[in-house]
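K.L.:
Got a predicted structure here, sequence first:
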Amino acid sequence: MGNMATIIPDSSASSSVSDSDLESVLPSASSSIATQGSFTCSCDAHQLKPASLVESFELLDFYDEHLGHMMWYAPLFAAYLVYFYGSFGKSCSTGFGVWLLAIFGAGFEWYLVTEGQIFTIFILMFACMVPIVAIRAQQGLAMDSNAKFLFFRSALTLVLVVVWVAYLWNDDTLRKKYPGWLYIPEPWAYVSLYWMH
């Protein structure tokens, strides 16, 4: 313990710390110095050593944010389709509760699709629902309450996603964060960008 020193910044100091002083402590950091004993340090992730550490974080991000979502939501939406196919019978009336649940369900599914970035899986599921309705109609079967809930919830979810994308279509900041042909910003990115600053 005798060789260790404790540095306590003086909050009452009015002079700023020089860049050379900071770089002697954090040589790989790109820093900006502020007065009143505080400073902000912004580091480039690609300056981390060893370089394999950066690759490990990128691989972890891929498995967590991309492959992991596909592995979870693909079976979920496949189960939806199987259940949807079996939810046909003779024509029956639909109560108000089904439509109310479909509205709330669409809001939840919109969040899953946008925050989870799984629009591709979702649109494939919905595209499969349409021919299922046509095939079952040829068999003389109509959607029961469960099928109507799933179908109209998904249709309303698609409408919400389109409205969401149209609302943020000309946002340059989010455009840079979500490049590519499929532009669907995450709700949390919007909240952290505009509501928390």
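P.N.:
Perfect, I can see it now. These numbers come from a predicted model, not from an experiment.

K.L.:
Neighbours of Pro179, how many?
P.N.:
Look at Pro179: counted by other Cβ atoms under 10 Å, it has 8 neighbours. Yep, even glycine has a C-beta here, placed from its N, CA and C like the rest.

K.L.:
On the three-state scheme, it is what?
P.N.:
Of the three states, Pro179 takes coil according to DSSP: H, G, I helix; E, B strand; the rest coil.

K.L.:
Next up, phi/psi of it, please.
P.N.:
Pro179 adopts backbone torsions of phi -80, psi 170, taken as degrees, to the nearest 10.

K.L.:
Give me the pLDDT for it.
P.N.:
Listed pLDDT for Pro179 reads 86.

K.L.:
again, but for the one 10 residues further on
P.N.:
At Ala189, the model reports a pLDDT of 91.

K.L.:
same question, Ile8
P.N.:
42.

K.L.:
isn't Phe149 right next to Ala106, touching?
P.N.:
No: counting by Cβ atoms under 8 Å, Phe149 does not reach Ala106; the two are 10.2 Å apart.

K.L.:
correct me, but Val133 touches Phe151?
P.N.:
Yes: using Cβ under 8 Å, Val133 is in contact with Phe151, at 7.0 Å.

K.L.:
got any residues that touch both of those two?
P.N.:
Taking Cβ atoms under 8 Å, 6 or more residues apart in numbering as the criterion, Val133 and Phe151 both touch Met143.
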